[in-house]
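> Starting from these lines, generate the structure:
(one chain, ligands or ions: 2)
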Amino acid sequence: MWESVIGLEIHVQLNTKSKIFSPASTDFGSSQNTQACAIDLGMPGVLPVLNEEAVIMAIKFGIAIGADILDDSIFARKNYFYPDLPKGYQISQFEIPIVSGGSMEITIDNKTKVVNITRAHLEEDAGKSIHDLYPNESAIDLNRAGTPLIEIVSEPEMENAAEAVQYLKNIHSLVRYLGISDGNMQEGSFRCDANVSLKKQGVDKLGTRAEIKNINSFKYVENAINHEIERQARILERGDKVIQETRLYDPSKNETRSMRSKVEANDYRYFPDPDLLPVCISQDLIKNIKSNMPELPSTKKIRFISQYGLSEYDTIILVSDRELSEYFENTLKTSDLNPKLVANWIITEVLALAKKTYLSVKDYPVLAEDLRYLLSNISDETISNKQAKEVLERMWNNNEKPRDIIENEGMKQISNIDELNKIVDNIIKNHYKSVEEYQSGKDKLLGFFVGQVMKATQGQANPKVINQILKEKLKK
Ligand code: ADP
Ligand code: MG
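Ligands and ions are numbered 1, 2, ... in the order given. Model prediction:
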């Protein structure tokens, strides 16, 4: 009956060394109020100077999404009062943003859709109000004031929470590929506002939206949107109207609640900042940036499929994270390992260990070259899959080197047919009852015999070879 419509505004902190209009540091986690200088605080007599690096990063992003880079964008003052905004206005871009248009492709269940991007503009971040440090008091930390952001505004084209999350993930992956943001969501480097509205099926006109502010995890975005869709449906079902407002998502209660009624753009009294010149960007600069772009996720995906023969599914997982895709290629490097073997081990075993231990790729205790050594021992059948899993866990948890584990434990897989033949003969001799049962049709007993061989060899027999030998010898 109701169709949901979603548009996202994503705030991405750019990882420049200094602020967008001042030389103060952007480091995260320094002690409070030590990194906001007179310019960030808007003291009288100071003048902002635009950080060129931030402009270059915005251009990189614009090129990557196929947008127009406007060569005369303008900084505007967005006026509002809030304790974490000491200047009384935020420097942003309004009528003419630096990046206009562009799009992002998303794939869900093998279906691909293009989400159009309205614009991306440069702006400064505000400080932070901290409400949970002192009882009955709020604290202000202005370290973040003046940190460069790009705000990426999508068209209202996503139809459900899954599409919105996929779009958000793709943008997250992209800014990390471009190296323009660390994308750290816990630290607030990457956060989004979700605009949600409902309309009757088949109707073109959009319904009234609510905007859920500052969500900083993929899971929360999904929950907040789904929750908001249900809330609005209940309102519309009983014949009431949704009011346009700003809402807050509370993860501990999994609900959204009203924060304030929506402020219209004209309430902000936007006007061009008289202290800043238009941002003139030459075609040469754009060309130069274009020729130094890193490989993007979409291109890498096509390359992985054709170069390594991986499935689309596996490729999407590996390519979603730039560092993971590099880990994969570093593991393969200069080896003749089968790329599918490497992909499988990373996707199933390595990612499972990483999830359990909450580690991201740069903190993996297992280096790509050590994983390569381990996998080459499976490839040449020195050790079995089962043994390799044990080794990997020890590498991961105790920082041991695979060569040491394999050698110290005397791990090796017995694939020698003569040796295994003797062992199997012995077992058959000692279990003639089971042999008879097997031969009279109890196929399941094959597992019992495999188990006996494993026991006799301390788990070192090559299961493939044992199976062959047993089947042959147990034939009537
Ligand atoms: P603002 O929130 O700053 O007032 P915009 O009009 O630029 O500004 O819209 C912001 C976001 O809201 C965009 O991502 C847009 O796609 C989305 N949006 C606008 N109207 C709707 C709607 N009716 N339903 C869902 N999303 C919408
Ligand atoms: Mg908004």
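
> going forward, measure contacts between C-alpha atoms and count neighbours the same way
Noted.

> Now tell me what touches the lengthiest helix in the chain from outside.
Longest helix in the chain by number of residues, with DSSP state H as the criterion: helix 218-237. Around helix 218-237, the neighbours that count as contacts under CA atoms under 8 Å, 6 or more residues apart in numbering are 2, 4, 160-162, 164-165, 168-169, 194, 196-198, 212, 215, 241-242, 249, 251, 254-256.

> Does that helix reach ligand 1?
No: using CA under 6 Å from any ligand atom, no contact is recorded between helix 218-237 and ligand 1, whose separation bottoms out at 10.9 Å.

> Pairing partners for the very next helix or strand once past that helix, with directions?
Going down the chain from helix 218-237, the next helix or strand is strand 245-250, by DSSP states H and E. In the sheet containing strand 245-250, the strands it pairs with under DSSP bridges are strand 209-215 (parallel), strand 255-261 (antiparallel).

> Could you pull up the mean pLDDT of strand 245-250?
The average pLDDT within strand 245-250 is 92.

> Going by neighbour count, list what's buried in it.
By neighbour count with 16 or more other CA atoms under 10 Å, strand 245-250 contains the buried residues 245-249.

> One more: stretch 384-398?
Taking 16+ other CA under 10 Å as the neighbour-count basis, stretch 384-398 is seen to contain the buried residues 384-385, 387-388, 391-396.

> before we move on, what about stretch 442-453?
Of the residues in stretch 442-453, those with enough neighbours to count as buried (16+ other CA under 10 Å) are 446, 449-450, 452-453.

> residues contacting the spatially closest residue to His131 that is not a sequence neighbour?
For His131, ignoring the flanking residues on the chain, the nearest one in space by CA to CA, 6 or more residues apart in numbering is Ser138 at 4.7 Å. For Ser138, the contact set (CA under 8 Å, 6+ apart) comprises 129-132.

> how would you label Ser138: helix, strand or coil?
strand (DSSP: H, G, I helix; E, B strand; the rest coil).

> ok, back up a step: in CSV, list the contacts of Ser138 along with neighbour count, distance to ligand 1 and secondary structure.
Below are the contacts of Ser138 laid out as CSV (neighbours: other CA atoms under 10 Å; distance: CA to the nearest ligand atom, whole Å; DSSP: H, G, I helix; E, B strand; the rest coil):
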residue, neighbour count, distance to ligand 1, secondary structure
Ser129, 15, 21, strand
Ile130, 13, 24, strand
His131, 12, 25, strand
Asp132, 10, 27, strand
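
> so what's Ala461 up against?
Ala461 neighbours (CA under 8 Å, 6+ apart): 413-415, 420, 453-454.

> Most neighbours of all these, which one?
Tallying neighbours with other CA atoms under 10 Å puts Val453 at the head of the contacts of Ala461, with 24 neighbours.

> Pull out the buried positions in stretch 63-73.
63-65, 67, 69-71, 73.

> Please apply the same query to stretch 49-59.
For stretch 49-59, the neighbour count (16+ other CA under 10 Å) marks 50-51, 53-59 as buried.

> Can you tell me which residue of the stretch 1-150 of the chain sits closest to ligand 1?
Taking CA to the nearest ligand atom as the measure, the point where the stretch 1-150 of the chain comes nearest ligand 1 is Gly7, at 3.7 Å.

> So for the host helix or strand of Leu149, mean pLDDT?
Here Leu149 sits within strand 148-154, counting by DSSP H and E. When pLDDT is averaged along strand 148-154, the result is 98.

> Determine if any part of it is in contact with ligand 1.
Yes: contact between strand 148-154 and ligand 1, assessed by CA under 6 Å from any ligand atom, occurs at 153-154.

> contacts for the next helix or strand after that strand?
Per DSSP H and E, strand 148-154 leads on to helix 161-178 as the next helix or strand towards the C-terminus. Residues from elsewhere that reach helix 161-178 (CA under 8 Å, 6+ apart): 6-8, 10, 60-61, 104-108, 115, 158, 181-183, 190, 218, 221-223, 225-226, 293-297, 320-322.

> Kindly report the residues of this structure close to ligand 1.
Near ligand 1, when you scan the chain using CA under 6 Å from any ligand atom, you find 5-9, 153-156, 195-197, 206-209, 265.

> Which of the residues you listed fall in strands?
The subset of those located in strands under the criterion DSSP state E comprises 5-9, 153-154, 195-197, 209.

> Farthest pair within those residues?
Looking at those by CA to CA, the two members farthest from one another are Val153 and Ser197, with 16.1 Å of separation.

> Just want to know which of these two has more residues nearby.
When neighbours are counted by other CA under 10 Å, Val153 and Ser197 differ, and Ser197 comes out ahead with 25 against 21.

> Distance-wise, check whichever residue of the stretch 351-476 of the chain sits closest to ligand 1 relative to Asn398.
Distances from the stretch 351-476 of the chain to ligand 1, computed as CA to the nearest ligand atom, single out Ser360 as the nearest residue at 30.1 Å. The spacing between Ser360 and Asn398, counted by CA to CA, to the nearest Å, is 17 Å.

> same thing with Phe449?
34 Å.

> Leu310 now?
With distances defined as CA to CA, the gap from Leu310 to Asn398 amounts to 31 Å.

> and if you look at Val465?
Summarising the geometry, the distance separating Val465 from Asn398, computed by CA to CA, is 32 Å.

> and if you look at Thr331?
Plainly put, Thr331 is 20 Å away from Asn398 if you go by CA to CA.

> same question, Glu187
As judged by CA to CA, Glu187 and Asn398 stand 29 Å apart.

> Quick check: beta-bridge partners of Glu151?
Glu151 has these beta-bridge partners by DSSP bridges: His11, His121.

> wait, doesn't it sit right on Leu14?
No: distance between Glu151 and Leu14: 10.4 Å, which falls outside the contact criterion (CA atoms under 8 Å).

> Show me which of the two is the more surrounded one.
The neighbour count for Glu151 versus Leu14, taken as other CA under 10 Å, is higher for Leu14 (28 against 24).
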